[in-house]
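Got a predicted model here, sequence first, then my questions.
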Amino acid sequence: MRNEAEMLEYLKSEEAKSFSGWDFSYLNGRIIEGALPWDYRQKVKAFLKPASKILDMGTGGCEFLLSLRHPYELTSVTEGYEPNYLLCKEKLEPLGVTVKRVQDDDTLNFPDESFDLVLNRHESYDLSEVYRVLKKGGFFLTQQVGEENNVSLIKALIENHQPPLLGFNLENEKPRFEKAGFRIMYRNQCFAVTRCYDIGAVVYYAKVLPWEFPGFSVERDFSRLIKVNERIESDGCFQTEAHRFIIIAKK
């Protein structure tokens, strides 16, 4: 059992830890998300053909992309976060993958009808641009974080919380896809339980997701962190929710 001073020092050490790519392995066993009713990888594999020209939007640290083992010369990626963009340049360009920095998704710097398949996991998108760069008969496969993601934890840590993704859910996105000219091939949505077992992991998690936890800091929110930790100690974990939805659409 840590006293208050020891707790503050511990949480500050977690807050100071570095984060690169889109690798949350540091939280393995400390924060556990419930399984989704679909498998993103399997959905991608079902639409990925050997000759497909693909674009992975917001590829992050490119871990998932590389795991697909798709021919590099048929692969392009975008990334807007500069550290990850530089990482992708270093790792992917020597392999023959096209890497472009895209900060505004309403301008994808590729010619019309460039791709058979556009992938997007947890990255923003402009439907008109995705439609433009897809070949006729091509597919857009996206898994998204919805408006109610982590609401319980955010409310516990951030005073006067305002959801950053208000109205962003499957119900509202489906008609937008259809209006943009897409035909929905598959859609699903879920609210999976996320269990937080370690208050240090909560700090690390909140720090690397500033759009969900705006202004969060250990110093500012220490008293709220203490209350969350009391819940973890009394209940065994702090439960929040992972709001996810997936849409597979055809041009």
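Looks like it came in fine.

Now for Tyr205: which residues touch it?
Phe24, Leu27, Ile31, Cys196 (CB atoms under 8 Å, 6 or more residues apart in numbering). (Glycine included, C-beta is placed from N, CA and C.)

Out of those residues, list just those in strands.
Using DSSP state E, the members of these that fall within strands are Ile31, Cys196.

Of the contacts of Tyr205 - the most surrounded one?
In terms of neighbour count, Cys196 stands highest of these at 23 neighbours, by other CB atoms under 10 Å.

so that one makes contact with Glu233?
No. Judged on CB atoms under 8 Å, Cys196 makes no contact with Glu233 at a distance of 11.9 Å.

for the stretch 1-150 of the chain, what spans make up the strands?
31-33, 54-57, 75-79, 98-101, 115-121, 134-145 (DSSP state E, counting those that start in this stretch).

Using JSON lines, please lay out the ones you listed together with mean pLDDT and distance to Phe47.
What follows is these, written out as JSON lines (pLDDT from 0 to 100; distance: least, CB to CB, whole Å):
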{"stretch": "strand 31-33", "mean pLDDT": "94", "distance to Phe47": "24"}
{"stretch": "strand 54-57", "mean pLDDT": "97", "distance to Phe47": "9"}
{"stretch": "strand 75-79", "mean pLDDT": "96", "distance to Phe47": "14"}
{"stretch": "strand 98-101", "mean pLDDT": "96", "distance to Phe47": "20"}
{"stretch": "strand 115-121", "mean pLDDT": "97", "distance to Phe47": "6"}
{"stretch": "strand 134-145", "mean pLDDT": "98", "distance to Phe47": "5"}
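
Let me have the ones you listed in a markdown table, adding distance to Leu8 as columns.
Listed next are the strands of the stretch 1-150 of the chain as a markdown table, based on distance: least, CB to CB, whole Å:
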| stretch | distance to Leu8 |
| --- | --- |
| strand 31-33 | 21 |
| strand 54-57 | 40 |
| strand 75-79 | 35 |
| strand 98-101 | 38 |
| strand 115-121 | 36 |
| strand 134-145 | 30 |
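
Can you tell me which of those is nearest to Glu219?
Smallest distance to Glu219 across those (CB to CB): 22.0 Å, for strand 31-33.

so where does the nearest residue to Leu27 once chain neighbours are set aside fall, helix or strand?
Distances taken as CB to CB, 6 or more residues apart in numbering place Ala201 nearest to Leu27, at 5.2 Å, with adjacent residues excluded. According to DSSP states H and E, Ala201 maps onto helix 199-207.

How about the contacts made by the residue nearest to Leu27?
By CB under 8 Å, 6+ apart, the neighbours of Ala201 are Glu14, Leu27, Arg30, Ile31.
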